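Participant: Turn this into a structure:
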Amino acid sequence: MRSDRRSRFWPLGCAALLLVGGTSAAHAQQATPVAANAAPAPAPGDFAPGVLTTIPPSVDREDVISSHDVPEILADKSLEWTPSSTTKSRTLFEMAKDAVFINDVWCLEFAFKPLRMIEVDVPQPSGRVQRKNIWYMVYRVRNTGAGLTGKANDDGTFETAAKSTDEIRFVPELVLASNDRSAGQRVRKAYLDRIVPAALGPIQQRELPRGELFNSAELATQLLKIEGGRTQQGVWGVAMWEDVDPQIDFFSIYVRGLSNGLAWTDPPGALKLGDPPGTGRKFTYKTLQLNFWRPGDDIGQTEREIRFGTAPQRADFYDSGEGVAYRWVYR
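Facilitator: Alright, predicted model coming up:
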């Protein structure tokens, strides 16, 4: 029985931080932009120490400067030739190898309260209501002005410099993904943040009775201006997950939209001469990975079971090092 297995495996005396996670199901792409922070929001000092976990922005040189072949050019072998008046390296074909790309990048600050649960009556398509246990995370995003730009020097070197972006739109996409294993294989279960209107009011009353708490669609309409000095308002949102498997032990919450950093690969042979540009290209996006685990069982679920960080001796389940609570990945 599952609860017996847990009682044998889990060190029940382990102390850890309780947490929350999540977001995004619907994105209001056609919504009219709204100025952020229309109503006062709590400052960090309004919460007890340790309640709010803050992840600082991450901007790296690798996000700004990258090199890639350009298959759209290399696929045309007629462009490969040896000139007589200049070096071969100056031909278009040769310059398409390991071409350097420079992008301006930005990253937002992300802070969150512990991952929690709430039971609410959710209306069903049949017209009836069903009592459900909703997992949710209340979080804050803030534009601190963190950003980088790059440039190429005449001597062939590259450099980066700080560059802020005055207004940023955060389009949240928060996915809760299982890291459990079954017969040695990863359990492929993932849950996209959903908007559950029946839960929003009770969550706001419990977590943020002052200020505004936006769902994912509403949050996407906010323009985040740079906040500096002691200003710590930001904008508050909530991610909600419905019908989460109560047997999940190890899981991560992936937060996309905090950065415009991206990476791409062109699989060999994916693009043929005459194909539309970009054929076969695979993009990944800079994403915040938050790690969690639960030492309880699937009966009588409680938010007090949820720990922030990797489970002891199970770091490989998260593809990260032992004790890593969060990291930035491309996915």
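
Participant: What is the end-to-end distance of stretch 303-313?
Facilitator: End-to-end distance for stretch 303-313: 22 Å, by CA to CA, to the nearest Å.

Participant: low pLDDT regions in the stretch 201-331 of the chain?
Facilitator: In the predicted model, the stretch 201-331 of the chain carries pLDDT under 70 at residues 229-231, 296-298, 300.

Participant: where exactly do the strands run in it?
Facilitator: Secondary structure of the stretch 201-331 of the chain (DSSP state E, counting those that start in this stretch): strands at 222-225, 235-241, 250-256, 262-265, 282-293, 307-308, 326-330.

Participant: Tell me the helices and strands packed up against the longest one.
Facilitator: So the one you mean is strand 282-293. strand 250-256, strand 262-265, strand 307-308, strand 326-330 (3 or more CB pairs under 8 Å, 6 or more residues apart in numbering; DSSP states H and E). All C-beta spots, glycine's among them, are computed from the backbone N, C-alpha and C.

Participant: So which bits of that strand are buried?
Facilitator: Neighbour-count burial for strand 282-293 flags 285-293 (criterion: 16 or more other CB atoms under 10 Å).

Participant: just the CA coordinates of that strand, formatted as PDB?
Facilitator: Extracted in PDB, the C-alpha atoms of strand 282-293 (Å, rounded to 0.1, in the frame of the first residue of the first chain):
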ATOM      1  CA  LYS A 282      13.800  23.900 -32.400                       C
ATOM      2  CA  PHE A 283      13.500  26.700 -29.900                       C
ATOM      3  CA  THR A 284      13.800  26.500 -26.100                       C
ATOM      4  CA  TYR A 285      13.200  29.300 -23.700                       C
ATOM      5  CA  LYS A 286      14.800  30.400 -20.500                       C
ATOM      6  CA  THR A 287      12.600  29.000 -17.700                       C
ATOM      7  CA  LEU A 288      12.800  29.000 -13.900                       C
ATOM      8  CA  GLN A 289      12.600  25.500 -12.400                       C
ATOM      9  CA  LEU A 290      11.300  25.300  -8.800                       C
ATOM     10  CA  ASN A 291      11.800  21.900  -7.100                       C
ATOM     11  CA  PHE A 292       9.400  20.300  -4.500                       C
ATOM     12  CA  TRP A 293       8.700  17.000  -2.800                       C
END
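
Participant: Quickly run through the sheet partners of that strand, with directions.
Facilitator: Here strand 282-293 has these sheet partners by DSSP bridges: strand 250-256 (antiparallel), strand 262-265 (antiparallel), strand 307-308 (antiparallel), strand 326-330 (antiparallel).

Participant: again with the first one
Facilitator: With DSSP bridges as the criterion, the sheet partners recorded for strand 222-225 are strand 34-35 (parallel), strand 167-169 (antiparallel).

Participant: hey, least reliable of those strands by pLDDT?
Facilitator: Among these, strand 34-35 has the lowest mean pLDDT, at a mean of 38.

Participant: What sits closest to the spatially most central residue of the chain if chain neighbours are left out?
Facilitator: Centroid check for the chain by CA atoms, centre = their mean gives Val255 as the closest residue, at 1.8 Å. What sits nearest to Val255 in space, not counting adjacent residues and going by CB to CB, 6 or more residues apart in numbering, is Leu288, at 4.2 Å.

Participant: re earlier: out of the helices and strands packed on strand 282-293, which one sits most buried?
Facilitator: Of the helices and strands packed on strand 282-293, the one with the most neighbours on average (mean count of other CB atoms under 10 Å) is strand 250-256, at a mean of 24.

Participant: need the strands of the stretch 201-331 of the chain in JSON lines with distance to Gln124, can you?
Facilitator: Converted to JSON lines, the strands of the stretch 201-331 of the chain look like this (distance: least, CB to CB, whole Å):
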{"stretch": "strand 222-225", "distance to Gln124": "31"}
{"stretch": "strand 235-241", "distance to Gln124": "16"}
{"stretch": "strand 250-256", "distance to Gln124": "26"}
{"stretch": "strand 262-265", "distance to Gln124": "39"}
{"stretch": "strand 282-293", "distance to Gln124": "29"}
{"stretch": "strand 307-308", "distance to Gln124": "33"}
{"stretch": "strand 326-330", "distance to Gln124": "36"}
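
Participant: Those: which one's closest to Arg206?
Facilitator: Arg206 lies closest to strand 235-241 among the strands of the stretch 201-331 of the chain, at 10.7 Å (CB to CB).

Participant: so how far is that closest one from its chain's centroid?
Facilitator: 13 Å (CA atoms, centre = their mean, to the nearest Å).

Participant: ditto for stretch 122-129
Facilitator: Distance, centroid of stretch 122-129 to centroid of chain: 31 Å (CA atoms, centre = their mean).

Participant: Please list the residues outside that stretch that contact it.
Facilitator: Stretch 122-129 has contacts (CB atoms under 8 Å, 6 or more residues apart in numbering) with 121, 130-132, 134, 196, 198-199, 242.

Participant: want to try JSON lines for those, with secondary structure as columns?
Facilitator: Conversion of these to JSON lines gives the following (DSSP: H, G, I helix; E, B strand; the rest coil):
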{"residue": "Asp121", "secondary structure": "strand"}
{"residue": "Gln130", "secondary structure": "strand"}
{"residue": "Arg131", "secondary structure": "strand"}
{"residue": "Lys132", "secondary structure": "strand"}
{"residue": "Ile134", "secondary structure": "strand"}
{"residue": "Val196", "secondary structure": "coil"}
{"residue": "Ala198", "secondary structure": "helix"}
{"residue": "Ala199", "secondary structure": "helix"}
{"residue": "Glu242", "secondary structure": "coil"}
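
Participant: Thanks a lot, see you next time.
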